[in-house]
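*Asks:* Predicted model, plus sequence, below.
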Amino acid sequence: MSPTTLPTGLEHGHVTFLGAGPGDPGLLTLRAVEALANADVLVAEHEVLDVVRKHARQGVAEVHTDTGPSSDAAPGTGTPQLAVVDGASTTAGPPAVRDAAHLVMEAARGGRRVVRAVSGDPGLDAYAAEEMLACAAAGVPFEVVPGVAAAVGVPAYAGVPLRDAQGADVRFVDARTASDRCWTEVGASDGTVVVSTTLDAVGVAAGELVSAGRKPDTPMTVTVAGTTTRQRTWTATLGTIAQMLKQAKVLPSPEGGRPVIAVVGERSAAAQRDQLSWFESKPLFGWRVLVPRTKEQAASLSDQLRSYGAVPHEVPTIAVEPPRTPQQMERAVKGLVTGRYEWIAFTSVNAVKAVREKFEEYGLDARAFAGIKVAAVGEQTAKALVAFGVKPDLVPSGEQSAAGLLEDWPPYDPVFDPIDRVFLPRADIATETLVAGLIELGWEVDDVTAYRTVRASPPPAETREAIKGGGFDAVLFTSSSTVRNLVGIAGKPHNVTVIACIGPATAKTAEEHGLRVDVMAPEPSVHKLAEALADFGAARRAAALDAGDPVTRPSERRPGARRRRTTT
């Protein structure tokens with residue numbers, strides 16, 4: 001486009017062309033995260049936006065793009081089209097479709113910092129190159145933050161090193177734009193060829209290489225949805241890959257063909273992929289795991305599940321509400337400030353949140369805890385306190401529960417303890433174990449309702465159908481109430497879903513609701529529960545390989561297949 005058609009008022013604007021990598025959000029560079037945190041506007045295709053948006057600051061404007069075959073791009077332009085959703089845009093009326101370079105610079109209007117995120121690496125993106133040239137022509141300053149190119153990152157995740165000790169030549173080909181001359185050159189070499197193509201064109205690319213001189217028995221790997229938990233890799237030869245994909249019933253996507261990376265070559269280590277496939281062999285690879293907790297409660301647990309290759313799906317089963325009568329909580333907080341208590345004990349993250357909110361209401365901060373001993377029931381509660389600016393004096397050294405807390409709690413000593421009272425902010429449905437134990441140790445306890453727990457609203461219909469229809473591979477139950485509430489708001493999980501429980505009491509409740517418990521944590525810890533599920537998945541995978549069966553997820557089992565009870 002001509003510089004004379006560019007929007008005015010672009011002085012001091014700035015554009016960062018950022019590589020978002022091949023799909024795994026963990027492959028973003030530190031520089032990319034920094035640029036995203038400072039961006040005023042994000043410009044990206046929908047799938048790229050999902051990778052980068054969590055690193056952007058709150059309130060960042062977003063401009064979505066569409067470059068797919070089904071997009072409404074102007075005929076013959078060959079460039080991505082962008083739909084403006086930025087409220088600060090000068091575009092009036094409904095979202096308009098504009099030229100990509102024009103909108104990238106329009107987003108920079110008035111000195112705004114724009115991040116233009118592209119899949120893979122900007123240096124390998126033809127559209128990004130055109131937009132950089134347009135910025136240069138208009139005098140808009142820009143920078144480039146490299147990303148992991150799909151042609152390099154995907155083979156690494158597929159367990160296919162591109163070079164060996166002999167240093168084989170590596171060539172990269174985009175089959176969608178490759179010329180006859182390009183195919184002839186790569187066909188004449190004996191090095192490794194990395195082909196970017198679409199699923200429906202893999203057979204054509206293999207045929208081109210054979211026609212150019214490569215032997216039909218040359219090893220070839222094909223990876224779909226690389227670096228994501230949807231990744232799948234097939235190993236065959238140039239002569240057999242098309243038939244293998246057909247037999248596996250691997251079909252092109254309705255959007256016009258999924259992007260895939262194929263690696264071809266005698267020395268591409270395709271033969272060793274069984275030993276080198278570190279990603280797809282994770283114990284819970286691709287498993288959809290239902291976590292009946294809020295996002296705040298499930299954050300570290302979901303991260304742990306992702307490290308095992310799972311796709312966690314958080315569904316809150318309880319909602320937290322203020323107490324019906326706040327006066328008791330108000331008196332206790334005032335007593336905390338005036339020196340009424342020797343100890344305050346937190347038995348949940350929600351209790352920390354409730355006290356913190358009450359502090360903020362009164363204009364208090366963590367300094368109000370000066371001179372008061374603080375106890376936390378476990379690591380997650382302790383982390384919430386540290387985030388509040390309070391380092392707990394007591395965290396159970398053993399079991400993270402009320403019983404574990406009591407084991408380490410010192411008895412009241414009138415010589416060393418000037419005050420004999422404990423402030424215990426808790427849920428309205430909390431058990432009496434801790435109160436009774438503290439009284440037995442000689443302490444007076446102000447057991448205060450800091451918050452109420454009520455059953456959460458039902459999840460979306462799609463989630464309910466997946467729960468009852470076997471769309472989830474596993475569900476983690478962290479308490480008896482999560483069992484009762486999940487069944488109450490969403491229905492009973494399908495019999496193919498692996499049921500994992502944190503302990504015997506939770507398992508008993510699950511069985512009372514007609515669920516067969518497959519996995520039980522060796523100790524009452526959410527992280528031990530996730531480990532136990534990973535062990536179950538690893539054993540299940542090993543058994544399938546030993547039997548010569550394909551490795552499948554529980555949700556892929558045949559309808560009516562019986563499940564064995566396995567307790568880990």
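*Replies:* Alright, I've got the coordinates. Numbers count the residues shown, from 1 in each chain.

*Asks:* Please look at residue 27 and residue 149 and confirm they touch.
*Replies:* No. The criterion here is C-beta atoms under 8 Å, and residue 27 misses it with residue 149 at 10.4 Å. For every residue, glycine as well, the C-beta is placed using N, CA and C.

*Asks:* Need the overlap of contacts for these two.
*Replies:* Counting by C-beta atoms under 8 Å, 6 or more residues apart in numbering, no residue touches both residue 27 and residue 149.

*Asks:* Comparing the two, which shows the higher neighbour count?
*Replies:* For residue 27 versus residue 149, neighbours defined as other C-beta atoms under 10 Å are more numerous around residue 149 (22 against 18).

*Asks:* Spell out the residue ranges of the helices in the stretch 1-150 of the chain.
*Replies:* Ranges of helices within the stretch 1-150 of the chain are 30-37, 46-52, 100-107, 126-138, 150-158, based on DSSP state H, counting those that start in this stretch.

*Asks:* least reliable of the ones you listed going by mean pLDDT?
*Replies:* Sorting the helices of the stretch 1-150 of the chain by mean pLDDT places helix 100-107 lowest, at a mean of 82.

*Asks:* By residue count, which strand of this structure is the longest?
*Replies:* Counting residues, the longest strand found in the chain (DSSP state E) is strand 444-455.

*Asks:* Can you give me the distance of residue 364 to residue 388?
*Replies:* According to C-beta to C-beta, to the nearest Å, residue 364 and residue 388 sit 11 Å apart.

*Asks:* Any chance of JSON lines for the helices of the stretch 1-150 of the chain, columns mean neighbour count and distance to residue 513?
*Replies:* Formatted as JSON lines, the helices of the stretch 1-150 of the chain follow (neighbours: other C-beta atoms under 10 Å; distance: least, C-beta to C-beta, whole Å):
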{"stretch": "helix 30-37", "mean neighbour count": "16", "distance to residue 513": "43"}
{"stretch": "helix 46-52", "mean neighbour count": "18", "distance to residue 513": "35"}
{"stretch": "helix 100-107", "mean neighbour count": "25", "distance to residue 513": "52"}
{"stretch": "helix 126-138", "mean neighbour count": "18", "distance to residue 513": "53"}
{"stretch": "helix 150-158", "mean neighbour count": "23", "distance to residue 513": "39"}
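
*Asks:* Let's have the ones you listed in TSV, adding distance to residue 429.
*Replies:* Converted to TSV, the helices of the stretch 1-150 of the chain look like this (distance: least, C-beta to C-beta, whole Å):
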stretch	distance to residue 429
helix 30-37	40
helix 46-52	37
helix 100-107	50
helix 126-138	55
helix 150-158	45
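
*Asks:* Of those, which is nearest residue 470?
*Replies:* Of all the helices of the stretch 1-150 of the chain, it is helix 46-52 that lies closest to residue 470, at 25.8 Å by C-beta to C-beta.

*Asks:* Residues contacting stretch 349-369, please?
*Replies:* 296-297, 320, 322, 329-330, 333, 336-337, 344, 346, 380-381, 384-385, 388-390, 425-427, 450-451, 453.

*Asks:* that older thread, would you tell me which of the helices of the stretch 1-150 of the chain gets closest to residue 184?
*Replies:* Minimum separation from residue 184 across the helices of the stretch 1-150 of the chain (C-beta to C-beta) falls at helix 150-158, 20.2 Å.

*Asks:* Quick check, pLDDT for the spatially closest residue to residue 371 that is not a sequence neighbour.
*Replies:* Once flanking residues are discounted, residue 371 sits nearest to residue 339: 7.2 Å by C-beta to C-beta, 6 or more residues apart in numbering. Predicted confidence (pLDDT) for residue 339: 91.

*Asks:* any idea how far residue 339 is from residue 423?
*Replies:* The gap separating residue 339 from residue 423 is 11 Å, by C-beta to C-beta.

*Asks:* tally of neighbours for the residue nearest to residue 42 when sequence neighbours are not counted?
*Replies:* If the residues on either side of it in the chain are set aside, residue 42 comes closest to residue 62, at 5.0 Å by C-beta to C-beta, 6+ apart. For residue 62, the neighbour count with other C-beta under 10 Å is 16.

*Asks:* what's the pLDDT at residue 62?
*Replies:* 81.

*Asks:* now do the one 10 residues further on
*Replies:* The predicted structure scores residue 72 at 40 on the pLDDT scale.

*Asks:* now residue 6
*Replies:* Here the pLDDT value assigned to residue 6 is 42.

*Asks:* and what of residue 98?
*Replies:* The predicted local confidence for residue 98 is 43.

*Asks:* Surely residue 285 is in contact with residue 228?
*Replies:* No. Counting by C-beta under 8 Å, residue 285 stays clear of residue 228, with 10.8 Å between them.

*Asks:* what about the protein, any weak spots by pLDDT?
*Replies:* Along the chain, the parts satisfying pLDDT under 70 run over 1-12, 64-99, 165, 167, 251-258, 267-271, 295-297, 557-568.

*Asks:* Help me confirm that residue 168 comes into contact with residue 194.
*Replies:* No. Using C-beta under 8 Å, residue 168 makes no contact with residue 194, being 11.8 Å away.

*Asks:* ok, these two, which is more surrounded?
*Replies:* Higher neighbour count among residue 168 and residue 194: residue 194, with 24 against 18, using other C-beta under 10 Å.

*Asks:* partner residues bridging residue 376?
*Replies:* residue 346 (DSSP bridges).

*Asks:* Quickly note the distance from it to residue 462.
*Replies:* Relative to residue 462, residue 376 is positioned 37 Å away (C-beta to C-beta).

*Asks:* between the two, which one's more packed in?
*Replies:* Shown here are residue 376 and residue 462; by other C-beta under 10 Å, residue 376 has more neighbours (29 against 9).

*Asks:* my guess is that one meets residue 394, correct?
*Replies:* Yes. Between residue 376 and residue 394 there is a contact under C-beta under 8 Å: 7.2 Å.

*Asks:* And stretch 378-391, what's buried?
*Replies:* Using 16 or more other C-beta atoms under 10 Å as the test for burial, stretch 378-391 gives 378, 380-385, 388, 390.

*Asks:* I'd say the residue nearest to residue 42 and residue 53 touch.
*Replies:* Yes. If you go by C-beta under 8 Å, residue 62 and residue 53 touch, sitting 7.2 Å apart.

*Asks:* For the two, list the residues in contact with both.
*Replies:* Jointly contacting residue 62 and residue 53 under the rule C-beta under 8 Å, 6+ apart are residue 42.

*Asks:* Would you mind confirming that residue 395 makes contact with residue 382?
*Replies:* Yes. Residue 395 is within contact range of residue 382, at 5.1 Å (criterion: C-beta under 8 Å).

*Asks:* Quick check: neighbours shared by the two?
*Replies:* Going by C-beta under 8 Å, 6+ apart, residues that sit against residue 395 and also against residue 382 are residue 376.

*Asks:* For residue 301, find the nearest of the helices of the stretch 1-150 of the chain.
*Replies:* Nearest of the helices of the stretch 1-150 of the chain (C-beta to C-beta): helix 46-52, 21.1 Å.

*Asks:* Tell me how far that closest one lies from the chain's centre.
*Replies:* Relative to its chain's centre, helix 46-52 lies at 12 Å (C-alpha atoms, centre = their mean, to the nearest Å).

*Asks:* just stretch 472-483 next, same as before
*Replies:* Put simply, stretch 472-483 sits 19 Å off its chain's centre (C-alpha atoms, centre = their mean).

*Asks:* same check, this time on stretch 404-421
*Replies:* Chain-centre distance of stretch 404-421: 43 Å, with C-alpha atoms, centre = their mean.

*Asks:* Show me the helices in the stretch 451-568 of the chain, by range?
*Replies:* Counting by DSSP H, counting those that start in this stretch, residue ranges of the helices within the stretch 451-568 of the chain are 461-469, 480-490, 504-512, 526-546.
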